[in-house]
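Participant: Here is a sequence together with a model predicted from it:
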Amino acid sequence: MAAQEFLIVRYQQRVAGFIYTFLGDPSVVEDLAQQIFVKMLQGLHQLKNPERFEVWLFRLARNACLNHVRAEKWRRRFTPFTDRHEIAAEPEPGQNPDLDEEARLAWLERAIRALPAPDRELLALLQDDTLSYEDLARITGTTVGAVKSRLFRARAQLKQKIPNEL
């Protein structure tokens, strides 16, 4: 029990950050994180390589996020008049040269949300620089070359979307 609690405490912030960055919806972070950690606890006995735990955990997180996206797509298809999350209006670039840190973060979040899901996913996984390109390839089920290419493309798109004033 103590070891399981240690794993949850150690990874809860990173998993929550990944979910938020991937989905951009703070209202689902807690529920999805809980689902991921339940699956982790249920599957720990099947983990063959404990040294690959982190990669396995983030693969669980990725799959949970993808399942959530699929479910939302279907839900929107059958309930077209549901309330949608509205993005708070941010000041236009150039209007306020002294944008505070909160406004800059809002711009960055909007730019990240505008990226394609696979690119957002990689940026979310990179948030604390503990995973290698090989780990990212294993988590996403792609090659190291594909990971590098997607990261390059994502970073280039972010540079285009974020105003120079920030």
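Facilitator: Now that the structure is in, tell me what you want to look at.
Participant: Touching, Gln35 and Asn63? I think so.
Facilitator: No: checked against Cβ atoms under 8 Å, the pair Gln35 and Asn63 is beyond contact range at 10.2 Å. (C-beta placed from N, C-alpha, C; glycine too.)
Participant: What is the neighbour count of Ser149?
Facilitator: Counted with other Cβ atoms under 10 Å, the neighbours of Ser149 add up to 12.
Participant: list the contacts for it?
Facilitator: Applying Cβ atoms under 8 Å, 6 or more residues apart in numbering to Ser149 gives no contacts.
Participant: what do you get if the cut-off is 10 Å, keeping everything else the same?
Facilitator: Applying Cβ atoms under 10 Å, 6 or more residues apart in numbering to Ser149 gives the contacts Thr142, Thr143.
Participant: and the most centrally placed residue in the chain, how far is that from Phe6?
Facilitator: Central residue of the chain (Cα atoms, centre = their mean): Phe22, 2.7 Å from the mean position. To Phe6, Phe22 is 25 Å away according to Cβ to Cβ, to the nearest Å.
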